[in-house]
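**Q** Fold the following and give me the result.
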Amino acid sequence: MLKKFFILCILATAAIFSSTTILIVFGMMPTLACFAIDKTIGKSKTICVGFMNFAGCFPFLLDFWTKFGQQNMENALSMIADIENMLVIYVLAGGGYAIDVAVTGITATLIIQRAENRVKRIKKNQEKFEKNWGSKVTGKYILDEHGFPVEGADQRTQL
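**A** This next block holds a predicted model:
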């Protein structure tokens with residue numbers, strides 16, 4: 001019920017402010033495309049591209065609302081038709097893609113380094129435990145058919 005009401009409010013607002021809506025829809029096309037192809041759980045790429053894309057649209061929205069005097073469809077279409085305006089908007093959306101790629105790469109590298117350090121620390125602890133407690137703590141010994149250690153067998157022959 002609330003979702004339907006929210007959608008109805010958005011549609012009514014879009015109809016009332018149709019010239020602004022046209023400007024936003026054409027300006028935010030990279031975000032819509034990113035939303036359609038983003039398969040990640042949190043849609044982080046869409047969020048990153050969307051914020052950068054909106055940052056590119058916002059100055060032109062301010063110009064549209066203040067400098068033109070009238071917010072009509074003709075003025076909105078003239079702003080969309082201006083190549084420089086759309087270039088700035090779309091380049092900033094591309095910057096959102098670049099930020100997403102960079103942050104994802106840096107995060108992956110940090111996670112891998114932390115995991116490698118943890119493996120080294122675990123191996124160091126295992127060596128310390130083997131030195132203190134003997135080879136049986138490593139789990140490297142032969143088991144019989146019932147799963148019990150075989151007495152007197154070479155302890156290092158089987159993993």
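
**Q** List the buried residues in the host helix or strand of Thr46.
**A** Using DSSP states H and E, Thr46 maps to helix 44-66. Within helix 44-66, the residues that count as buried by 16 or more other Cβ atoms under 10 Å are 45-50, 52-54, 56-57, 60, 64. Heads up, the C-betas are built off the backbone N, CA and C, glycines and all.

**Q** Show me what the helix or strand following that helix is packed up against.
**A** Next helix or strand after helix 44-66 toward the C-terminus (DSSP H and E): helix 73-81. The contact analysis (3 or more Cβ pairs under 8 Å, 6 or more residues apart in numbering; DSSP states H and E) places helix 73-81 against helix 18-27, helix 44-66.

**Q** least reliable of these going by mean pLDDT?
**A** If you rank those by mean pLDDT, helix 18-27 sits at the bottom with a mean of 88.

**Q** Which SSE is immediately downstream of that helix?
**A** helix 29-37.

**Q** got the angle for that following helix vs helix 44-66?
**A** Between helix 29-37 and helix 44-66, the angle comes out at 150 degrees (axes from the mean of the first three to the mean of the last three Cα atoms, to 10 degrees).

**Q** Show the average pLDDT along helix 29-37.
**A** Per-residue scores along helix 29-37 average to 93.

**Q** My guess is Val71 contacts Ser18. True?
**A** Quick fix: residue 71 reads Gln, not Val. No. Gln71 lies out of contact with Ser18 (Cβ atoms under 8 Å); the separation is 9.3 Å.

**Q** on that earlier part again, kindly reformat the buried residues of helix 44-66 as a markdown table and extend each row with distance to Asp100.
**A** Putting the buried residues of helix 44-66 into a markdown table (distance: Cβ to Cβ, whole Å) gives the following:
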| residue | distance to Asp100 |
| --- | --- |
| Lys45 | 5 |
| Thr46 | 9 |
| Ile47 | 9 |
| Cys48 | 4 |
| Val49 | 7 |
| Gly50 | 11 |
| Met52 | 9 |
| Asn53 | 12 |
| Phe54 | 15 |
| Gly56 | 15 |
| Cys57 | 18 |
| Phe60 | 23 |
| Phe64 | 28 |
